[in-house]
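Engineer: generate coordinates for the sequence data below:
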Amino acid sequence: MSRIGKKPINLPQNINITIIENHVQIQGPKGELLYKIPKLIQIEQDLTNNKLFLYKTKNTKEAQKLYGLSRTLVNNMIIGVSQGFEKRLQIQGVGYRSQLNGNNLILNVGYSHTVIIKPPKNIIIEVENNTNITIKGIQKEQVGEIAAQIRRIRPPEPYKGKGIRYLNEAVNLKVGKSGK
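Structural biologist: Below you'll find the predicted structure:
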């Protein structure tokens, strides 16, 4: 039984929600998002308490799966349009650096060529000190996916720890060869 789906979603004051049949449109200061709710889930807005509630229309296994998922996705949308999401990456290694060229991120991470990343239109990439990258946006999944794509270019290697890692990510270093 989903405990997440049962929780009501609190709505901040600066958020406008429009529910039309099984579509939810959420507008806030950072932007606007749209989500189509599955037919097995029903959504209701309580204007007096400023909350959203989700209900299952059928008591099936499929409805149970979608219950908590839908609640989490709608909650992430509300947080995204009100506060936004961000992921921070850190580059470690001699000669490894990053820079911005317009909206594009250019990475020099030990390859014979530079790696250029073109972010989607609603993702903002910032670079600080050539080694710290911040990815910001209103969709949690998209921010996480772009951060994962950048990290995948040069993941931290286990001997010296060089590469691109999330901020405060712990990389377990292996012991190198021991000489005779």
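Engineer: can you list the weak-confidence ranges in the protein?
Structural biologist: Within the chain, the stretches with pLDDT under 70 are 1-2, 179-180.
Engineer: tell me how it divides into domains.
Structural biologist: Recorded structural domains for the chain (assignment: automatic domain parsing) are 9-82, 85-166.
Engineer: of all these, which lies closest to residue 177?
Structural biologist: domain 85-166 (9.7 Å; C-beta to C-beta). Bear in mind the C-beta positions are built from the backbone N, C-alpha and C, glycine included.
Engineer: any idea how far apart the tips of that closest one sit?
Structural biologist: In domain 85-166, first residue to last residue: 15 Å (C-alpha to C-alpha, to the nearest Å).
Engineer: any chance of the domains of the chain in TSV, with distance to residue 178 too?
Structural biologist: Shown next, in TSV, are the domains of the chain (distance: least, C-beta to C-beta, whole Å):
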stretch	distance to residue 178
domain 9-82	48
domain 85-166	13
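Engineer: can I get the ones you listed in a markdown table with distance to residue 177 and mean neighbour count?
Structural biologist: Listed next are the domains of the chain as a markdown table, based on distance: least, C-beta to C-beta, whole Å; neighbours: other C-beta atoms under 10 Å:
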| stretch | distance to residue 177 | mean neighbour count |
| --- | --- | --- |
| domain 9-82 | 46 | 16 |
| domain 85-166 | 10 | 16 |
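Engineer: against which helices or strands is the lengthiest helix in the chain packed?
Structural biologist: Assignment by DSSP state H gives helix 61-82 as the longest helix of the chain. Judged by 3 or more C-beta pairs under 8 Å, 6 or more residues apart in numbering; DSSP states H and E, the packing partners of helix 61-82 are strand 9-10, strand 23-27, strand 32-36, strand 41-46, strand 51-56, helix 140-153.
Engineer: spatially, what comes nearest to residue 130 if we skip its sequence neighbours?
Structural biologist: Distances taken as C-beta to C-beta, 6 or more residues apart in numbering put residue 97 closest to residue 130, at 4.1 Å, once the chain neighbours are dropped.
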